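K.L.:
starting from these lines, generate the structure:
(one chain, ligands or ions: 1)
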Amino acid sequence: MHISRSVGDLRKHVAALKQQGKKIGLVPTMGALHEGHLSLIRLARKHSDAVVVTAFVNPTQFGPEEDFDRYPRSQSHDMHACETEGVEIFFMPPVEEMYPSTSHIGFTINTLDEHLCGATRPHHFPGVIQVVNKLFNMVQPDVAVFGQKDIQQYKILERMRDEFAHPVELIRAPIVRDSDGLALSSRNAYLTPEQRSKAPMLYQALHYVGMRIQKGDTHLINLIEDRKKTLTENGFQVDYLQCVDEEELQPVSEPEPGQNYIVAGAVYLGATRLIDNIIVEASDRVK
Ligand code: PAF
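P.N.:
Numbering: from 1, shown residues only. The predicted model follows:
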């Protein structure tokens, strides 16, 4: 595995792989790799001949009060994990390499970031677009893999790919969960044992709402309010629990039969923010 810390070096090594006729798969991450990330790498491997993993905690997608400084960093663990997975290039640039000068160009997202995480983290998706756009230009991959856990990110990146005409296929990887249902996340490392034992309640709430939609329930407002109340009573601070349509990510209170919906939630347990979602198809009658 080649370890690259500069854009020039990255480009040189990717070019060499391309010259050998290899299809390039990109897995952008912020490091602190866990089984969820490894599943992305394995999926990239299935769809390409050479895998490039990037590990960069991108400062521009964190707000001033957020956890940029304390975000888990584990470079030697990450390198070892990628090596074991047979990754060809591991890119871990310093901040100055990704942002050599003050940026004069920003990104605006319409509609897709009005709700869910975008509502309380307005700086977040413009920062994600900025860094992924750079990574796409630096690597020029054939395919890029992102996890469903960040479903709003995935939807926005799909639109970015189309609108900026990046010739890359995006692949959405399913969420990897612990045996009790908790979605794997680098931020789970912040949880105390007591918080960790409560954390699967987020997934349980989403699962319940999803199950009702699948059974044809069209009165989601009370259903969702009840779930939020249960979470709050158990020590969660609920940022949102919402059902949105799959295309524009707009809130839906009466799902239409045959349509797919995203049921998504974000909660705080102490200072730790957890997100999760499921995608369900609405049925036409209450069962
Ligand atoms: O999903 C993430 O880990 C990050 O948002 C990404 C896509 C690597 C951009 O920094």
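K.L.:
distance check, the residue nearest to residue 11 when sequence neighbours are not counted against residue 38.
P.N.:
Nearest residue to residue 11, sequence neighbours excluded (Cβ to Cβ, 6 or more residues apart in numbering): residue 138, at 6.4 Å. (Each C-beta comes from the backbone N, C-alpha and C, glycine too.) Residue 138 sits 23 Å away from residue 38 when distances are taken as Cβ to Cβ, to the nearest Å.
K.L.:
higher neighbour count, these two?
P.N.:
residue 138 (20 against 17; other Cβ atoms under 10 Å).
K.L.:
how about the longest helix seen in the chain against the ligand, any contact?
P.N.:
If you go by DSSP state H, the chain has its longest helix at helix 124-139. Yes: under the criterion of Cβ under 6 Å from any ligand atom, the ligand is reached by helix 124-139 at 128, 131, 132.
K.L.:
these, buried ones only, as a PyMOL selection?
P.N.:
The command below creates a PyMOL selection of those among the residues of helix 124-139 next to the ligand that count as buried (16 or more other Cβ atoms under 10 Å):
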select buried, resi 128+131+132
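K.L.:
run through the stretch 151-287 of the chain and note the low-pLDDT ranges.
P.N.:
In the predicted model of the stretch 151-287 of the chain, residues 285-287 satisfy pLDDT under 70.
K.L.:
interface residues of it facing the ligand?
P.N.:
So the stretch 151-287 of the chain meets the ligand at residue 153 (Cβ under 6 Å from any ligand atom).
K.L.:
now the helices for the stretch 151-287 of the chain?
P.N.:
Under the criterion DSSP state H, counting those that start in this stretch, helices of the stretch 151-287 of the chain are mapped to 151-163, 193-198, 201-214, 220-233.
K.L.:
mean confidence score for the longest helix of the chain?
P.N.:
For helix 124-139, mean pLDDT rounds to 98.
K.L.:
what residues does that helix touch?
P.N.:
7, 10-11, 14, 24, 26, 28, 52, 54, 56, 58-63, 91, 98, 103, 106-109, 112-113, 117-118, 144, 152-153, 156-157, 160-161, 164, 166, 168 (Cβ atoms under 8 Å, 6 or more residues apart in numbering).
K.L.:
of those, grab the buried ones for ChimeraX.
P.N.:
Selection of buried members from those for ChimeraX, criterion 16+ other Cβ under 10 Å:
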select :7,10,14,24,26,28,52,54,56,58,60,61,62,91,98,107,109,112,113,117,118,144,152,153,156,157,160,161,166,168
